[in-house]
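*Asks:* Prediction below, plus the sequence it came from.
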Amino acid sequence: MLVGLDVDVVQLPTTALQVLVIVVLLSAVAGIALVGLAALGTPIVDRRWPADEPLNPTEMLWGESGGYIKRHFPGLDVEIGKDINSQFTEVKVPSGQVVVEQGDPATHFYVLKDGEVEVSQDAPDGSSRPIRRHSPGDTFGEVGILRRTPRTATIRAVVDSVILELPAEEFVAGIAFSAAEGNVLLAKVNEYLAADAQRAERAVAAAPSATTAAPGAAVPEVADTTTVVADEATTAFTPTHVVPAAGLLAWVQPDPAEAPVATLAAGVELRVVGETGVWAQVEAANGWRGWVDGRALQPR
């Protein structure tokens, strides 16, 4: 049986215009097919990474401070870094509010996220003097934590500020897991302590001596450091320092302008319970307390 084919119905393109039209049509069909395939795949993608789901707070904070942690805790594993980072808390501090008070326990480490804070320090004469300012990205609070001492300065917000605070134990963990060599924070602590020592030396040079009585003044009697003056005085007493061979003068307050009230005999064991500038508040085994020149104390 013969099949007839109408040439007018099935006709190959013969002109450039016809070829162009066919190419355009095929491209349109391919584009529609790709859109359809993407639409089919969208539910799968959305189930894994929902477009409208808010970012995890830890991941958001890591984006803000992760770079800081990598810089200041060199060699820290990324997962440990994220775990430590999750312990940061964002706190808004109004202008004029104190963030850290000199003499308080060192409970947190801080990163200044926004604003400005001023660092001031009590001088031996009782005055408070500004020593530096911090801007966004700077840190503070590391000295007291790493040296296990009370806060060495007061920090107050100069303008409305935002800080990130990290518990001291998490900060210590970060330092422990990071590389000690080239650690920026450890270097900063040494820098701050050296600057504190220089300021203390200048202040003492300009003030009456904290280790000798004023010319013509009578030397006070030796303090009684043996008779118990408090029931709990001898409980868990662990001396940290010893009075040097030359003895040591003691004051009621850390003020060299005042007259000393007692002389501590050589060899008396003492425990340092407070510090401000070059001054150290010491306690004897029997509960006696006074302020002395901390530089003259000998470590036990």
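*Replies:* Cool, the structure landed.

*Asks:* residues near the closest residue to residue 265 other than its chain neighbours, how many?
*Replies:* Spatial nearest neighbour of residue 265, excluding adjacent residues (C-beta to C-beta, 6 or more residues apart in numbering): residue 222 at 5.2 Å. All C-beta atoms are positioned from the backbone trio N, CA, C, and that covers glycine. Residue 222 has 12 neighbours, counted by other C-beta atoms under 10 Å.

*Asks:* Residue 243 versus residue 222, what's the distance?
*Replies:* Counting by C-beta to C-beta, to the nearest Å, the gap between residue 222 and residue 243 amounts to 10 Å.

*Asks:* and what of residue 270?
*Replies:* Taking C-beta to C-beta, one finds residue 270 at 7 Å from residue 243.

*Asks:* Could you name every residue contacting both of those two?
*Replies:* With contacts taken as C-beta atoms under 8 Å, 6 or more residues apart in numbering, residue 270 and residue 243 have 264, 297 as neighbours in common.

*Asks:* More neighbours: these two, which one.
*Replies:* residue 270 (28 against 24).

*Asks:* give me every residue that touches that one.
*Replies:* Counting by C-beta under 8 Å, 6+ apart, residue 270 has contacts 239, 240, 241, 242, 243, 264, 282, 283, 284, 297.

*Asks:* Can you tell me the closest non-neighbouring residue to it?
*Replies:* residue 282 (4.1 Å).

*Asks:* Which element, helix or strand, includes residue 22?
*Replies:* Assessed by DSSP states H and E, residue 22 sits inside helix 16-48.

*Asks:* Where does the residue nearest to residue 270 sit: helix, strand or coil?
*Replies:* strand (DSSP: H, G, I helix; E, B strand; the rest coil).

*Asks:* what's the domain layout of this structure?
*Replies:* 57-204, 209-300 (automatic domain parsing).

*Asks:* Can you add distance to residue 22 and mean pLDDT and give the ones you listed back as JSON lines?
*Replies:* Output for those, formatted as JSON lines (distance: least, C-beta to C-beta, whole Å; pLDDT from 0 to 100):
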{"stretch": "domain 57-204", "distance to residue 22": "50", "mean pLDDT": "78"}
{"stretch": "domain 209-300", "distance to residue 22": "89", "mean pLDDT": "78"}
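
*Asks:* Reformat those as CSV; add distance to residue 32.
*Replies:* What follows is the domains of the chain, written out as CSV (distance: least, C-beta to C-beta, whole Å):
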stretch, distance to residue 32
domain 57-204, 37
domain 209-300, 77
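
*Asks:* Of all the ones you listed, which one is nearest residue 30?
*Replies:* Taking C-beta to C-beta, domain 57-204 is the member of the domains of the chain nearest to residue 30, at 38.1 Å.

*Asks:* Now the common contact residues for residue 222 and residue 243.
*Replies:* Overlap of the contact sets of residue 222 and residue 243 (by C-beta under 8 Å, 6+ apart) consists of 264, 265.

*Asks:* Residue 246 - that's part of a strand, no?
*Replies:* No - looking at residue 246 with three-state DSSP, it is coil, so not inside a strand.

*Asks:* Strands along the stretch 51-200 of the chain, start to end?
*Replies:* 89-93, 98-100, 108-114, 117-122, 128-134, 139-140, 154-157, 161-167 (DSSP state E, counting those that start in this stretch).

*Asks:* Residue 247 is nearest to which of the ones you listed?
*Replies:* Closest approach to residue 247 among the strands of the stretch 51-200 of the chain is made by strand 117-122 (26.4 Å; C-beta to C-beta).

*Asks:* Report the inter-axis angle for that closest one versus strand 89-93.
*Replies:* Strand 117-122 and strand 89-93 are oriented at 80 degrees to each other (axes from the mean of the first three to the mean of the last three C-alpha atoms, to 10 degrees).
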